[in-house]
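**Student:** Just to be clear, the model below is a prediction. Sequence and coordinates:
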Amino acid sequence: MKIIKTPWRVDIIIDAGRQRRPIKGSQSRYISTRHRFIDASSSYPLYSLLSLLTPDTDLFTWYLCRETLKPFLLITLILMALLIAGELSDTLARVVSGQYSDWAILAIIGFQMPILAPELLPAAYFLAALTTLNRLSQDSERTVLHAIGLSDGDILKKLLAYTALPATALMLLFTHGFTPMAERNLANYLLSQQNRPLTEIVQAGEFFSLQQRDATLYARSANTADESLRNLFVVRIDDGQIVVNTAPIARIESQQNRQYLSLYNGQQTSFELNSAESDRLAYGRYALFIPFEENQYTSNRREARPSLELWQSGNVSNQSEVFKRTLPALMILVLCTWAVGLTRVKPRQAKVGAVALGIVLYIVFTFSLQTLQTAVNKGQIPVWTSPWWFVILLFLAGWYLTQRRSG
């Protein structure tokens, strides 16, 4: 090997067998001997510094990790924004109508981020690995790496050790720790929003819609001291009749996780539009039940419970949930192997082929894994046969693809 120094570049000539050929330009962003990786577009002093301070594999590994991390973060942010936008449409409507406080949307976004992260991390990593490795192939950098003895198997080992394994550990931390905790906190927060004092929800002198009961409420005044509304009426439709409740005082009350609008010392009038008759009833207390989606706001549902508690319960569905939290994280290792194998393309081959095929395969892998997991949840197959074997088969297939193409 011969190094030719110029003021701005370092040109390298590699002795490949009996031929001596220069490697320069876009073909060699990073060139290697058996002992040093250098930046062929950098100045000579920088090359000297890196040669002294950085071992060969460390410099290339740092470069590979950096080029994978940048698109991974960008794709993660984009997917997170899209998922949050889809989840917050109902929340935004509740904030506008006054059912939630003005700052509730920020708190809900904070709770939703760790809940949504496990859904997008495998996809973000796979897309980042595909785009990075595909670019290396298209720019002939992998051809140069192969020429100096760094095979696809070596690249795969570096990606697994320095990118896929940390991403898998991060995913497991979310699925078994942060996500269930966020589910519980979100459920408790939404319940607290629903159980806020009525004086914070309803503005005196303005009509307020109780969407859960198809009712409209109007209060002339409010007393913040005892969190009650004064001189109000509620109009709703019940079994084809128009029902009007009036009362001098009302407040929100909760009993056994059920929410009620309680009116005191009032009167109820029921009538039909096509009839002149009406029914009147005086009451000391009238409780109007306000339903909500209990499965959405309870902290006792399976997704919000800790993994250890689910496993120790002995219930098949609960134990299946533990596998469900674990397997998507292991899929990151599978996707890493397939990314290396799929992007081993010729320099002038179509650039979008590997990425497009990778997206299709990701959809197939994810759908198959979810289908098998659903069969476990329904008891159609035993828990111990939960699709861990499917993940292992995909990993071995990806490893074989990488080794075959390396050969």
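**Tutor:** All right, it came through fine. Just so you know, these numbers come straight off a predicted model, no measurement behind them. Numbering: from 1, shown residues only.
**Student:** hey, let's count contacts and neighbours off CA atoms from now on
**Tutor:** Noted.
**Student:** For the nearest residue to residue 185 once chain neighbours are set aside, give me its contacts.
**Tutor:** Distances taken as C-alpha to C-alpha, 6 or more residues apart in numbering place residue 111 nearest to residue 185, at 7.3 Å, with adjacent residues excluded. With contacts defined as C-alpha atoms under 8 Å, 6 or more residues apart in numbering, residue 111 is in contact with 182, 183, 185, 186.
**Student:** any idea how far residue 111 is from residue 167?
**Tutor:** Residue 111 sits 21 Å away from residue 167, taking C-alpha to C-alpha, to the nearest Å as the criterion.
**Student:** if we can go back for a sec, how about the host helix or strand of the residue nearest to residue 185: buried residues?
**Tutor:** Residue 111 belongs to helix 104-138 when elements are defined using DSSP states H and E. Judged by neighbour count using 16 or more other C-alpha atoms under 10 Å, the buried positions of helix 104-138 are 104-105, 108-109, 111-138.
**Student:** again, but for stretch 228-247
**Tutor:** Those would be 228-237, 243-247, for stretch 228-247 by 16+ other C-alpha under 10 Å.
**Student:** right, and the secondary structure at the residue of the chain most remote from its centre would be what?
**Tutor:** No residue in the chain sits farther from the centre than residue 276, which is 57.6 Å out by C-alpha atoms, centre = their mean. When classified by DSSP: H, G, I helix; E, B strand; the rest coil, residue 276 comes out as coil.
**Student:** List phi and psi for it.
**Tutor:** Main-chain torsions, residue 276, degrees, to the nearest 10: phi -90, psi -10.
**Student:** any idea how far it is from residue 246?
**Tutor:** For residue 276 relative to residue 246 (C-alpha to C-alpha), the value is 20 Å.
**Student:** circling back: quickly note the distance from the residue farthest from the centre of the chain to residue 202.
**Tutor:** With C-alpha to C-alpha as the criterion, residue 276 and residue 202 are 32 Å apart.
**Student:** Then residue 271?
**Tutor:** From residue 271 to residue 202 the distance is 26 Å (C-alpha to C-alpha).
**Student:** So if I had to pick from the two, which one is more boxed in?
**Tutor:** In terms of neighbours (other C-alpha atoms under 10 Å), residue 202 is the more surrounded of residue 271 and residue 202; the figures are 22 against 17.
**Student:** Does the more buried one touch residue 208 like I think?
**Tutor:** Yes. Counting by C-alpha atoms under 8 Å, residue 208 is a contact partner of residue 202 at 6.3 Å.
**Student:** my read: residue 338 touches residue 400, true?
**Tutor:** No. Between residue 338 and residue 400 there is no contact under C-alpha under 8 Å: 9.5 Å.
**Student:** Give me the subset of the contacts of residue 111 lying in helices.
**Tutor:** 182, 183, 185, 186 (DSSP state H).
**Student:** For the first one, which non-adjacent residue is closest in space?
**Tutor:** For residue 182, the nearest residue in space outside its immediate sequence neighbours is residue 111; the separation is 5.4 Å by C-alpha to C-alpha, 6+ apart.
**Student:** Then the second one?
**Tutor:** Spatial nearest neighbour of residue 183, chain neighbours left out: residue 304 (4.9 Å); criterion: C-alpha to C-alpha, 6+ apart.
**Student:** In contact with that neighbour, which residues?
**Tutor:** Neighbours of residue 304 in contact, by C-alpha under 8 Å, 6+ apart: 179, 180, 181, 182, 183, 184.
**Student:** Roughly how far does the closest residue to the third one other than its chain neighbours sit from residue 327?
**Tutor:** Right, residue 181. With C-alpha to C-alpha, 6+ apart as the criterion, residue 181 has its nearest non-adjacent residue at 6.5 Å, and that residue is residue 304. Separation of residue 304 from residue 327 (C-alpha to C-alpha): 18 Å.
**Student:** what are the C-alpha coordinates of stretch 93-107, in CSV please?
**Tutor:** Extracted in CSV, the C-alpha atoms of stretch 93-107 (Å, rounded to 0.1, in the frame of the first residue of the first chain):
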residue,chain,number,x,y,z
ALA,A,93,-61.8,17.9,21.2
ARG,A,94,-62.2,17.3,25.0
VAL,A,95,-59.8,20.2,25.7
VAL,A,96,-61.7,22.5,23.4
SER,A,97,-65.1,21.6,25.0
GLY,A,98,-63.7,22.2,28.4
GLN,A,99,-63.9,18.6,29.7
TYR,A,100,-60.1,18.6,30.1
SER,A,101,-57.9,21.4,31.4
ASP,A,102,-56.0,23.6,29.0
TRP,A,103,-52.6,22.0,29.8
ALA,A,104,-54.0,18.4,29.7
ILE,A,105,-52.9,17.9,26.1
LEU,A,106,-49.2,18.4,27.0
ALA,A,107,-49.4,16.0,29.9
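**Student:** average model confidence for that stretch?
**Tutor:** The average of the pLDDT scores along stretch 93-107 is 79.
**Student:** Give me the number of neighbouring residues for residue 274.
**Tutor:** Neighbour tally, residue 274, other C-alpha under 10 Å: 6.
**Student:** Mind pulling the model confidence for it?
**Tutor:** Note on residue 274: pLDDT of 77.
**Student:** and what of residue 248?
**Tutor:** Residue-level pLDDT assigned to residue 248 equals 91.
**Student:** In this structure it contacts residue 264, no?
**Tutor:** Yes. Using C-alpha under 8 Å, residue 248 is in contact with residue 264, at 7.0 Å.
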